[in-house]
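Q: for reference, the sequence and a predicted model appear below.
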Amino acid sequence: MTETVGMVLIGLGLLFDISGCIGLIRLPDVYNRIQASTKCVTVGTALILLGSIVWLSSLAGTVKGLICIGLVMLASSTAAHTLARASHRSGVKLCEGSVCDHYGDSGGQEKEGPQA
């Protein structure tokens, strides 16, 4: 039973990782690509590690897996924020369909449409 649950978690993690890779290819600008890759790959990697923990069911593997999950979540969110901020500061423009620039001079207001 634990092998089946572990394999399902690993399969779901692979699906998340694949969708993150597809997002890197298909999305229009660097900011959307950072968001897709960070969220999908973080969740995918955590699910793969969690599946490995369940499948192997050893104390040492559980401890190492949980430490790795924590480090991946901390490092990937920090790296994504740093990349997005550096991209914005270096002048990388948003795609045409973007409606809000929280880092821009507009103070977080929408570019077009009703003001809230």
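A: Alright, I've got the coordinates.
Q: so what's the gap between stretch 79-88 and the chain middle?
A: On the basis of Cα atoms, centre = their mean, to the nearest Å, stretch 79-88 is displaced by 13 Å from the centre of the chain it belongs to.
Q: can you give me the buried ones in that stretch?
A: By neighbour count on 16 or more other Cβ atoms under 10 Å, the buried set for stretch 79-88 is 80, 83, 84, 87, 88. C-beta coordinates here come from the backbone N, C-alpha and C atoms, glycine included.
Q: nearest to residue 36, of those residues?
A: residue 80 (10.2 Å; Cβ to Cβ).
Q: enumerate every residue touching that closest one.
A: 34, 35, 37, 38 (Cβ atoms under 8 Å, 6 or more residues apart in numbering).
Q: and what of residue 39?
A: residue 20.
Q: from the buried residues of stretch 79-88, which land in helices?
A: Members of the buried residues of stretch 79-88 lying in helices (criterion: DSSP state H): 80, 83, 84, 87, 88.
Q: quick one: these as CSV, columns for pLDDT and distance to residue 28 too.
A: Formatted as CSV, those follow (pLDDT from 0 to 100; distance: Cβ to Cβ, whole Å):
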residue, pLDDT, distance to residue 28
80, 91, 17
83, 90, 16
84, 86, 15
87, 86, 14
88, 84, 16
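Q: what is the nearest of these to residue 3?
A: residue 80 (33.5 Å).
Q: residue ranges with poor pLDDT in this protein?
A: 102-116 (pLDDT under 70).
Q: now do 80
A: Scanning the chain with the threshold set as pLDDT under 80 gives 92, 94-116.
Q: would you map the helices across it?
A: 2-26, 30-56, 59-89.
Q: which one of the ones you listed lies closest to residue 97?
A: Short answer: helix 30-56, nearest of those by Cβ to Cβ, at 9.3 Å.
Q: now that closest one: buried residues?
A: In helix 30-56, counting by 16+ other Cβ under 10 Å, buried: 30-34, 36-55.
Q: same question, stretch 84-100
A: So for stretch 84-100, counting by 16+ other Cβ under 10 Å, buried means 84, 87, 88, 94.
Q: same check on stretch 60-67?
A: residue 65.
Q: fine by me, thanks again.
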